[in-house]
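K.L.:
A predicted structure for the sequence below; I have some questions about it.
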Amino acid sequence: MTVKKARSVGPKFFCDACGYESVRWMGRCPGCNAFDSMVEAPLDMTEDDPAGASSPATRLALQEIPSTGQQRTPTGSAEVDRVLGGGLVPASVTLLGGEPGIGKSTLLLSTCLRVAASGGRCVYISAEESASQLKMRADRISANGLPSEFYVCESGDLPSALKVAGDAALVVVDSIQTVRVPTIRSISGSVLQIRECVFRILESAKRGKSAPAYVLVGHITKGGELAGPKVLEHMVDTVLSFEGDRRLGLRFLRAQKNRFGSTEEIGVFEMTGEGLAEVPDPGALFRSAGDSALAGVAVSALVEGSRAFLVEIQSLTQEVNLAMPRRVATGIDPRRLLLILAVLEKRVGLRLGTSDVFASAVGGFVAREPAADLAVAMAIASAVRSSPLPARTAFVGEVTLTGELREPPNVDRRIAESARLGFQEIVLPAPSGRNRVPRPPAGRQIDIVYSKSIMECKAKYLS
Ligand code: TYD
Ligand code: MG
């Protein structure tokens, strides 16, 4: 008679809301204080779970591990490939998060259409939309017919869907919150289900070299976090987010984590009637004033990954008699806005203590770089003075607490892009003890103006 061995003693209960683990049941979760949220972890190993078969550990000499090289499946979209670091890596798992309606399904559908058109088999596991809904959308966004290597699996039952998808090059799971493992007694979208589903996908991905690249759609919560347990982000290879202002057409794809490439690059798309269009030359997209000089407007040359963007910063100030005037930042770090306002008040002598201040980056761009500081400061100063800055001048530099300007990295790229887009002048912090003075690229004309401090810059342009 064989005696069935008990599994190792692990956490037996999980909080269904936050993933807190415990060996005993509790009425209230110590992790998130939710009542009655502890559920029992399933102990029974199901037949299709190979993790049950314990295999002895072995060690391998690093030299003897075969190199797999950099095999990647290009997605056919330069913008997606740029963010991924050159294409999809076989046997990898990518998580794509974003607000509802931002275009996650559309992005993945067009990616599958492209990969399938070049002969790579794609399986789209759709638990949110029906096959006919997907087909309707594919008809609309696919200009040159539907490829034969594109398969749709309507099932929400993940283990069986993974079985039919095993031989594909790309498998999309739309979404990880709506698929489920039927043997787990918990509703789809619960922490327990999401954990188990991702675990199953990782297992399929790590099974062989020829395994597909998996892309999972992830919902985000009201606070902007990916819904589900935090371990989700640790478990997968790549975490992408799809962002943008839903009313505006522009969308940005960013990598928050990437085991196979940098997290610096962004992909830029535009949502059109015929699906997502790539924007290969987005340098000049983030401007609305054009060539007309308006008060409260300053342009900065910002770098994201390998590209530079000329981004317009707009500001409006309004004198109010409130004890706490408002400071509203859109696409600008609110803490940097407060710092810039303090410097303008203390060092430049602008009176802003009784004014509402609004500052925003145009076109839904998110100016993450401190190099945008000088343009933000100049836009606010220009708004206060009601005096416009020259339209074809770019302002670049980090503002320090003393009001001095600090040089950002990639100065050459900023100068080159400003020159390419027809700017006449770029204001930069005085170079700090380096031997090479940046120059515009050959054949381009742009004046480089050095400024030591925000005080000097303001005196020159808004005297
Ligand atoms: P969708 O990909 O369904 O968003 P998600 O999966 O992130 O929830 O995109 C939905 C929006 O995109 C929808 O509101 C309409 C818009 N859209 C277009 O404007 N043009 C198109 O060609 C497509 C397919 C969608
Ligand atoms: Mg969707």
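P.N.:
Arrived safely. Ligands and ions are numbered 1, 2, ... in the order given.
K.L.:
let me know the pLDDT of residue 9.
P.N.:
pLDDT, residue 9: 54.
K.L.:
show me which residues of the stretch 251-400 of the chain sit near ligand 1.
P.N.:
Within the stretch 251-400 of the chain, the positions near ligand 1 by Cβ under 6 Å from any ligand atom are 271, 273-275. Yep, even glycine has a C-beta here, placed from its N, CA and C like the rest.
K.L.:
just the buried ones from those residues?
P.N.:
By neighbour count, with 16 or more other Cβ atoms under 10 Å, those hold 271, 275 as buried.
K.L.:
farthest pair in the residues of the stretch 251-400 of the chain next to ligand 1?
P.N.:
271 and 274 (9.8 Å; Cβ to Cβ).
K.L.:
what sits against the residue nearest to residue 24 when sequence neighbours are not counted?
P.N.:
Counting by Cβ to Cβ, 6 or more residues apart in numbering, the nearest residue to residue 24 once its immediate chain neighbours are dropped is residue 13, at 6.7 Å. By Cβ atoms under 8 Å, 6 or more residues apart in numbering, the residues touching residue 13 are 21-26, 38-41.
K.L.:
check which helix or strand covers residue 197.
P.N.:
Assigned by DSSP states H and E, residue 197 belongs to helix 191-205.
K.L.:
now do the helices in the stretch 301-450 of the chain.
P.N.:
Here the stretch 301-450 of the chain has its helices, by DSSP state H, counting those that start in this stretch, at 334-343, 373-385, 411-420.
K.L.:
tell me how many other residues crowd the closest residue to residue 87 other than its chain neighbours.
P.N.:
Of all residues not flanking residue 87 in the chain, residue 72 sits nearest, at 3.4 Å (Cβ to Cβ, 6+ apart). Residue 72 is flanked by 18 other residues according to other Cβ atoms under 10 Å.
K.L.:
quick check: which ranges of the chain have low pLDDT?
P.N.:
Along the chain, segments meeting pLDDT under 70 span 1-11, 42-55, 68-70, 208-209, 289-290, 433-437.
K.L.:
partners of residue 317 in the sheet?
P.N.:
Beta-bridge pairing of residue 317 under DSSP bridges involves residue 357.
K.L.:
with just CA atoms, put stretch 415-434 into PDB.
P.N.:
Backbone C-alpha positions of stretch 415-434 (Å, rounded to 0.1, in the frame of the first residue of the first chain) are rendered in PDB as follows:
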ATOM      1  CA  ILE A 415      20.200  70.500 -29.700                       C
ATOM      2  CA  ALA A 416      19.900  68.300 -32.800                       C
ATOM      3  CA  GLU A 417      16.200  67.800 -32.500                       C
ATOM      4  CA  SER A 418      15.600  71.500 -31.800                       C
ATOM      5  CA  ALA A 419      17.600  72.400 -34.900                       C
ATOM      6  CA  ARG A 420      15.800  69.800 -37.000                       C
ATOM      7  CA  LEU A 421      12.400  71.200 -36.100                       C
ATOM      8  CA  GLY A 422      13.500  74.700 -37.100                       C
ATOM      9  CA  PHE A 423      14.200  76.300 -33.700                       C
ATOM     10  CA  GLN A 424      16.400  79.300 -33.800                       C
ATOM     11  CA  GLU A 425      17.800  79.200 -30.300                       C
ATOM     12  CA  ILE A 426      18.200  76.800 -27.400                       C
ATOM     13  CA  VAL A 427      18.900  78.000 -23.900                       C
ATOM     14  CA  LEU A 428      21.100  75.600 -21.900                       C
ATOM     15  CA  PRO A 429      22.900  75.700 -18.500                       C
ATOM     16  CA  ALA A 430      26.500  76.800 -18.800                       C
ATOM     17  CA  PRO A 431      28.600  73.600 -19.400                       C
ATOM     18  CA  SER A 432      30.200  72.500 -16.200                       C
ATOM     19  CA  GLY A 433      33.900  71.900 -16.700                       C
ATOM     20  CA  ARG A 434      33.800  69.600 -19.600                       C
END
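K.L.:
how about residues contacting it?
P.N.:
Contacts for stretch 415-434 (Cβ under 8 Å, 6+ apart): 283-284, 299, 301, 307-310, 374, 390, 392-398, 404-408, 411, 414, 437-441, 444-452, 457.
K.L.:
phi first, then psi, for residue 104.
P.N.:
Per-residue torsions, residue 104: phi -60, psi -50 (degrees, to the nearest 10).
K.L.:
so it versus residue 173, what's the distance?
P.N.:
Separation of residue 104 from residue 173 (Cβ to Cβ, to the nearest Å) stands at 12 Å.
K.L.:
which neighbours do those two have in common?
P.N.:
residue 217.
K.L.:
higher neighbour count, those two?
P.N.:
More crowded of residue 104 and residue 173, by other Cβ under 10 Å: residue 173, with 30 against 26.
K.L.:
grab the nearest non-local neighbour of the residue in the stretch 151-300 of the chain that ligand 1 sits nearest to.
P.N.:
Residue of the stretch 151-300 of the chain nearest ligand 1, by Cβ to the nearest ligand atom: residue 275 (4.0 Å). In this structure, residue 275 finds its nearest non-sequential neighbour in residue 141, 3.2 Å apart by Cβ to Cβ, 6+ apart.
K.L.:
the one you found against residue 111, yeah?
P.N.:
No. Contact criterion Cβ atoms under 8 Å: residue 141 and residue 111 do not qualify, at 11.2 Å.
K.L.:
show me which of those two is the more surrounded one.
P.N.:
Ranked by neighbour count (other Cβ under 10 Å), residue 141 and residue 111 place residue 111 first, with 22 against 16.
K.L.:
quick one: that one is in a helix?
P.N.:
Yes. If the criterion is DSSP: H, G, I helix; E, B strand; the rest coil, then residue 111 is within a helix.
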